[in-house]
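Undergrad: build me a model:
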Amino acid sequence: MEMTWFITLSAGVFGLIFGSFANVCVHRIPLRLSVVTPGSRCPSCERAIVWYDNIPLLSWLFLSGKCRYCKTKISMRYPVLELLMGISWAGLAWHFGLSMMLLQALLLVSLLWVLTLIDLETGLLPNVLTFPGIGIGLMFAYGFGYLQDAVIGAVVGYGAFWIIARLFLLITGREGMGYGDFKLLAMLGAFMGWQALPFIVFVSSFVGAVVGSIILLVAKKHMRAEIPFGPYLAAAGMIWFLWGADILQWYTELIRV
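TA: Numbering: from 1, shown residues only. Now for the predicted structure:
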């Protein structure tokens, strides 16, 4: 038990640290900037951020959420993403223990958080994340012995959404889904195999439709609510990754009744 707590707390700390880097990715990748150089800078005044102003969570609190130099407000996204990443890493370490499954889970959840935040802020799901994500998923699938299912999952994941999008375009005359969503579903299929796709598509579509309807109802009539679909895919995918076997067993027992 003590070792479990040690692994969990260590993962949480490293998650907080990685969350700081994840914020750099969210800011720079859509702008096609390097995430390595230059070092962290204030987006407003471009002054370099010293190490003691770059401590996850604490620096934001000590600086009252403002740049030390120009006093421009620092987005709440920075501490929130750091906290979410720390909690996610700690929870996964508790769930999987020290194992290859934990490494797979950490890589997947980190990709999904970065993609989710980028999609929410810009409406983009960059190829520079989804394509390597597909490759990483296939490598783990090879190591765990389900490569064939993963390849099918990646191909069907992309193809299924492509077909749906083409039909929507033909029927309505407008685009209903971005190509980034196709690649994200392909990435999830590569990580988890084709068996995960029906659940991911159904849950993300259902929740997205409900949330979208609520937003449209509360928004002004002349406003058009643009709702990124990537976060729904990411959430549904992570649910299946963690509890897919239990969900499948529950559903099998339900249809037998």
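Undergrad: pLDDT below threshold where in this protein?
TA: Residue ranges of the chain with pLDDT under 70: 1, 175-177, 219-226, 257.
Undergrad: surely Gly208 is in contact with Gly230?
TA: No. Applying CB atoms under 8 Å as the test, Gly208 and Gly230 come out as separate, 10.1 Å apart. Placement of C-beta: from N, CA and C, glycine included.
Undergrad: more neighbours, the two?
TA: Gly230 (25 against 18; other CB atoms under 10 Å).
Undergrad: who does the host helix or strand of Leu197 touch, helix- and strand-wise?
TA: For Leu197, the enclosing helix or strand under DSSP states H and E is helix 197-218. Contact here means 3 or more CB pairs under 8 Å, 6 or more residues apart in numbering; DSSP states H and E; on that basis helix 197-218 packs against helix 147-172, helix 179-192, helix 230-256.
Undergrad: for those, which one ends up most surrounded?
TA: helix 179-192 (a mean of 27; mean count of other CB atoms under 10 Å).
Undergrad: next, the angle helix 230-256 makes with that one.
TA: 50 degrees (axes from the mean of the first three to the mean of the last three CA atoms, to 10 degrees).
Undergrad: how distant is helix 179-192 from the center of its chain?
TA: 11 Å (CA atoms, centre = their mean, to the nearest Å).
Undergrad: then stretch 137-145?
TA: On CA atoms, centre = their mean, the centre of stretch 137-145 falls 20 Å from the chain's centre.
Undergrad: next one: stretch 81-100
TA: 14 Å.
Undergrad: over to stretch 52-63?
TA: So, by CA atoms, centre = their mean, the centroid of stretch 52-63 is 24 Å from its chain's centroid.
Undergrad: check which residues of that stretch are buried.
TA: Of all the residues in stretch 52-63, those buried under the rule 16 or more other CB atoms under 10 Å are Asp53, Pro56, Leu57, Ser59, Trp60.
Undergrad: follow-up on the earlier one: could you dump the helices and strands packed on helix 197-218 to a markdown table with distance to Thr122?
TA: Converted to a markdown table, the helices and strands packed on helix 197-218 look like this (distance: least, CB to CB, whole Å):
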| stretch | distance to Thr122 |
| --- | --- |
| helix 147-172 | 20 |
| helix 179-192 | 10 |
| helix 230-256 | 11 |
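Undergrad: how about the helices of the stretch 1-150 of the chain, start to end?
TA: 2-28, 58-62, 77-96, 100-122, 127-144, 147-172 (DSSP state H, counting those that start in this stretch).
Undergrad: which ones are touching the most centrally placed residue in the chain?
TA: Taking CA atoms, centre = their mean, the centroid of the chain lies closest to Leu112, which sits 1.6 Å from it. Listed by CB atoms under 8 Å, 6 or more residues apart in numbering, the contact partners of Leu112 are Ala234, Gly237, Met238.
Undergrad: kindly recompute the last result at 10 Å.
TA: 88, 129, 133, 184, 187-188, 191, 230-231, 233-235, 237-238, 241 (CB atoms under 10 Å, 6 or more residues apart in numbering).
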